[in-house]
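> sequence first, predicted coordinates after that:
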Amino acid sequence: MNTTRRSLLQASLALPAAGLLPRVAGAADPFKVGFIYVAPIGDAGWTFQHDLGRKALEASLGAAVKTTYVENVPEEGADAERVIRKLATEGHKLIFTTSFGFMEPTLKVAKQFPKVKFEHCTGYKRAANVSTYSARFYEGRYLTGLIAGRLTKSNVIGYVAAFPIPEVVQGINAVTIAARSVNPNVTVKVVFVSTWFDPGKERAAADTLISQGADVVMHHTDSSAIVQGAEEKGVWSFGYDSDMLKFGPKTNLTSVTMDWDQYYIAETKAAIAGSWKSGDTWGGLKSGMVKLGPLNAAVPDPVKAEVAAAQAKIEAGTLLPFAGPLKDQTGAVKVAAGSALSDGDILGLNWFVEGVQGKLG
Amino acid sequence: MHETEIAVAILVATLRAATPLMLAGFGELITERSGVLNLGVEGMMLMGASVGFIGTIASGNPIVGLLAAMLAGAALALVFGVLTLSLMANQVATGLALTIFGVGFSALIGVNWIGTPLQGISSDIWPSLATSSPIVQQLMLLDPIVWLALLSPFVAQWFIYRSRAGLILRAVGESHDVAHALGYSVLRIRYFAVLFGGAMSGLAGAYLSLAYTPMWSDNMVAGRGWIALALVVFSTWKPLWLALGSLLFGFVTIAQFQAEGLGLALSPHLLAMLPYIATIVVLVLISRDATRLKLNAPAALGRPFHATA
């Protein structure tokens, strides 16, 4: 962060001076792309994956682009707006803002810089020069559900979740549907920890689920504490955001990971070519935005084949994770056989499918 | 049989969850008994967590890590002491600044250790007992810091009420002018209390990064320093009540997870509130006598001392 903020500062000092010199714009000028991160990059997690995308962009386009990032930008207060405006002022032509809370600041700055293109991750408000993008994380979750359903012996899967919001509910339902499709006796026990990040609480919740018989645990929170805890207790685990195999070499089966590389490269190429258009992208396994990390050697070959087949079907559009018949926890049919939840329904998902043990609100 | 297992799991998890609160609370209780209010517990715990983690990896010995964590907590407390005791800065503002500083500085020094795996503090220091009781077996698996924390309220109780040094500490906290007139060095005693508080906060933080969840990550203390501070006030500065409050808070947190896992038909929002509500209710009941509460609060708490003669 230091170097970045310092370089921003130096650049801003140099700016008035540069204005006095005759500007020689040549084809050699790199296209400047800016990234705003909500957290430090670290070495795993949400922001880490976005930075991998930035690096892939640099590697792919080479001298044609120059990227800048500012990490650890708070969502609250005026900091986000200030930093986004700073990047726009300094000639960044395409700016990615990578957290939900940057939505309003992005739109505000976008209004003042109509020639700069903005891309906001996980938001829903767009403008002529503001696109939104996100990933269908639940497609990856579905695949982990298949593995969990095949490997569980106790038929209890423990799921540590942050908050009862649609994005979290999608994952829980997808895992449950997939696990029960291969093993109808599975129950998914959900515990909400009411925080995105508290390693101690996440771990305590996982320990609790394990004490209640769960022999597979997974999480929708931000630390790797659960993967480590599962390794210690000798139960299977799945990671999220980044590949977490190193935290549980024996028991971490795989992770649902985000991969923004191709999206960042494609959008930057479009912006350089002048063909960039505002829009909404919600990519899944097919686009490569959501991926399964490497599978642990402990996953049996038939299960590996099953996962690969399901992935191929999801990518081909012949397998929809939320296809009917789907029942809710009371056994009432919510989605009839032959139909499936629409994207709008998925984005607002607020009920658990049959087989989930837990309560929303 | 299944019920016994769940009960034992709750007991063990409660003890582990309460340990950082008891340790940090113990340190802060001693600090406040000397008349100093240090709101920097969260920051000192974070310093302990990161320095303890780095120290353990660098030396390969968790004892070294724990000592380094206590030193780091005490070092941050020393900064607080110099500012508030010697330079007489406002204790509330300085304490808040200490927390903000601790959050940032621990993240800065820990940046290269994020995601480094660590074999946590193990419990195989105990001789293996030939017993079939699952309760005893599970309790033997608890790490030594938990036992240390369980011992701490009794040590504090004895120190504050039964030892000469404890009497002097209380005298300084009640009326620094009188203690000064009696010939006690108010500042020196307060420095000791502040440093002790920092060391205990550092130890509590190291427990989180070395034993509870063996890892380092920014801000991993996640507000436990503030809960420890609140527990000290609600316990009316009594060590045994502090221990009870910590255990209760830990218990209700764990019970919430158990209830959700068992599928109790209660709102997760309500369950998430329970630890806070239960702790507040019980401790308000303990301290409902306003006069007694007033009598218990160190009278000189938060007031700077300026030797007049």
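Nice, thanks for sending it over.
> got the contact list for A:Gly145?
By C-beta atoms under 8 Å, 6 or more residues apart in numbering or on different chains, the contact set of A:Gly145 is A:174-179. In short, each C-beta sits where N, CA and C put it, glycine included.
> and A:Glu231, by the same measure?
If a contact means C-beta under 8 Å, 6+ apart, then A:Glu231 has A:237, A:247-252 as its contacts.
> closest to chain B among these?
The closest of the contacts of A:Glu231 to chain B turns out to be A:Phe247 (C-beta to the nearest C-beta; 6.2 Å).
> measure the spatially most central residue of chain B to B:Glu42 for me?
By C-alpha atoms, centre = their mean, the mean C-alpha position of chain B lies nearest to B:Ala24, the distance being 1.3 Å. Distance, B:Ala24 to B:Glu42, using C-beta to C-beta, to the nearest Å: 9 Å.
> so what's in contact with the two at the same time?
B:224-225.
> out of the contacts of A:Gly145, who has the most neighbours?
Most neighbours among these, by other C-beta atoms under 10 Å in any protein chain shown: A:Val175, with 34 neighbours.
> in terms of helix, strand or coil, where does that residue fall?
Using DSSP: H, G, I helix; E, B strand; the rest coil, the secondary structure recorded for A:Val175 is helix.
> contacting residues around it?
Contacts here follow C-beta under 8 Å, 6+ apart; on that basis A:Val175 touches A:141-142, A:144-145, A:148, A:157, A:159, A:188, A:218.
> what's around A:Thr195, how many residues?
Burial measure for A:Thr195: 16 neighbouring residues, criterion other C-beta under 10 Å.
> do the same with A:Ile165
A:Ile165: 13 neighbours (other C-beta under 10 Å).
> which bits of the stretch 101-250 of chain B sit near chain A?
B:107, B:111, B:114-115, B:117, B:120, B:208, B:212-215, B:217-220, B:222-224 (C-beta under 8 Å from any C-beta of the partner chain).
> now do stretch A:83-92, average pLDDT.
Averaged across stretch A:83-92, pLDDT comes to 95.
> what's the answer for stretch B:224-240, then?
Confidence over stretch B:224-240 (mean pLDDT, whole number) is 91.
> would you quantify the distance from A:Ala297 to A:Pro249?
10 Å.
> the residue nearest to the centre of chain B: which element?
helix B:2-33 (DSSP states H and E).
> what mean pLDDT does that helix get?
91.
> next SSE after that helix?
Assigned by DSSP H and E, the successor of helix B:2-33 is helix B:41-59.
> domains for chain A, by residue range?
Domain ranges of chain A: A:2-15+A:24-135, A:137-258+A:292-357, per automatic domain parsing.
> comparing those, which comes out most buried?
Of all the domains of chain A, domain A:137-258+A:292-357 has the most neighbours on average by mean count of other C-beta atoms under 10 Å in any protein chain shown, namely a mean of 21.
> where does chain A have low pLDDT?
A:1-28 (pLDDT under 70).
> residue nearest the centroid of it?
Chain A, centroid-nearest residue using C-alpha atoms, centre = their mean: A:Met258 at 5.0 Å.
> which residues does it bridge with?
With DSSP bridges as the criterion, A:Met258 is bridged to A:Val290.
> verify the contact between it and A:Gln49 for me.
Yes: counting by C-beta atoms under 8 Å, A:Gln49 is a contact partner of A:Met258 at 4.4 Å.
> okay, now B:Val82: neighbour count?
Residue neighbour count, defined by other C-beta under 10 Å, stands at 14 for B:Val82.
> next: the one 10 residues further on.
Per other C-beta under 10 Å, the neighbour tally for B:Val92 reads 13.
> repeat for A:Lys277
A:Lys277 is flanked by 9 other residues according to other C-beta under 10 Å.
> now do the helices in the stretch 51-200 of chain A.
For the stretch 51-200 of chain A, applying DSSP state H, counting those that start in this stretch gives helices covering A:79-89, A:103-112, A:137-151, A:166-182, A:199-211.
> check the stretch 201-309 of chain B too.
B:224-234, B:239-261, B:268-286, B:290-296.
> related to what we said a few turns ago, export the contacts of A:Gly145 as JSON lines, with columns for distance to A:Ala271.
Listed next are the contacts of A:Gly145 as JSON lines, based on distance: C-beta to C-beta, whole Å:
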{"residue": "A:Ala174", "distance to A:Ala271": "33"}
{"residue": "A:Val175", "distance to A:Ala271": "37"}
{"residue": "A:Thr176", "distance to A:Ala271": "40"}
{"residue": "A:Ile177", "distance to A:Ala271": "38"}
{"residue": "A:Ala178", "distance to A:Ala271": "37"}
{"residue": "A:Ala179", "distance to A:Ala271": "42"}
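> what is the nearest of those to chain B?
Closest approach between the contacts of A:Gly145 and chain B, by C-beta to the nearest C-beta: A:Thr176, at 13.9 Å.
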